[in-house]
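>>> fold the following.
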Amino acid sequence: MEGSKIHSTVGAVIVKNQKVLLMHHKKLDKWLFPGGHIDSNETSDVAVVREVKEETGLDFEFLEFSKLDQAPEEIKKLALPFHSNVHNVGDHDHQCYYFLGTTNSMEFVQNKESKELKWVGKDELDELDIILSIKNMILLALDKYPFL
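Numbering: from 1, shown residues only. Here you go, the predicted structure:
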């Protein structure tokens, strides 16, 4: 990691009807969550909502927030990441904040960044070539929100 350029990114773990939405990323040729780079002057929660809309056409609704009330000096209370990590994407590293959320529809629109979009349940995880960290987040999200 030392010497490698680090980009700040977001990923959306979208739970609906006991399934999670995955995209088969064209450039990386992997099954990943919708997401992308955080633009300058953009908070991570604004970035994840924007990226989900761009890549799926869906409206993202956060599921996890701080239990603290917003203090008077705080401009805005942000959603809490479900998970975060640093991983390599070839020529640079991503510091990624994964947010857990849901949506009001399962009708997505695929854009040019993905080969395929797919709602995946626990019973389908072994059929896809999914990296371990993504698989672990899916399992935890579905266990944590069995009613979604």
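>>> just the strands in the chain please.
6-16, 19-25, 30-32, 35-37, 61-62, 83-88, 93-102, 114-120 (DSSP state E).
>>> out of those strands, which is closest to residue 128?
strand 30-32 (5.3 Å; C-beta to C-beta). (Each C-beta comes from the backbone N, C-alpha and C, glycine too.)
>>> paired strands for the closest one, with orientation please.
strand 19-25 (antiparallel) (DSSP bridges).
>>> tell me the angle the partner strand makes with strand 114-120.
Between strand 19-25 and strand 114-120, the angle formed by their directions is 160 degrees, by axes from the mean of the first three to the mean of the last three C-alpha atoms, to 10 degrees.
>>> rewinding a little: would TSV of the strands of the chain with mean neighbour count be doable?
Formatted as TSV, the strands of the chain follow (neighbours: other C-beta atoms under 10 Å):
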stretch	mean neighbour count
strand 6-16	21
strand 19-25	21
strand 30-32	18
strand 35-37	19
strand 61-62	15
strand 83-88	12
strand 93-102	21
strand 114-120	16
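>>> and stretch 94-113, how far apart are its ends?
17 Å (C-alpha to C-alpha, to the nearest Å).
>>> where does pLDDT dip in the chain?
The chain contains residues with pLDDT under 70 at 1-3.
>>> please repeat the previous calculation with a cut-off of 80.
Across the chain, the ranges flagged by pLDDT under 80 are 1-4.
>>> picking up where we left off before, would you list the strands of the chain in CSV and tack on distance to residue 131?
Formatted as CSV, the strands of the chain follow (distance: least, C-beta to C-beta, whole Å):
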stretch, distance to residue 131
strand 6-16, 12
strand 19-25, 11
strand 30-32, 6
strand 35-37, 14
strand 61-62, 24
strand 83-88, 9
strand 93-102, 12
strand 114-120, 14
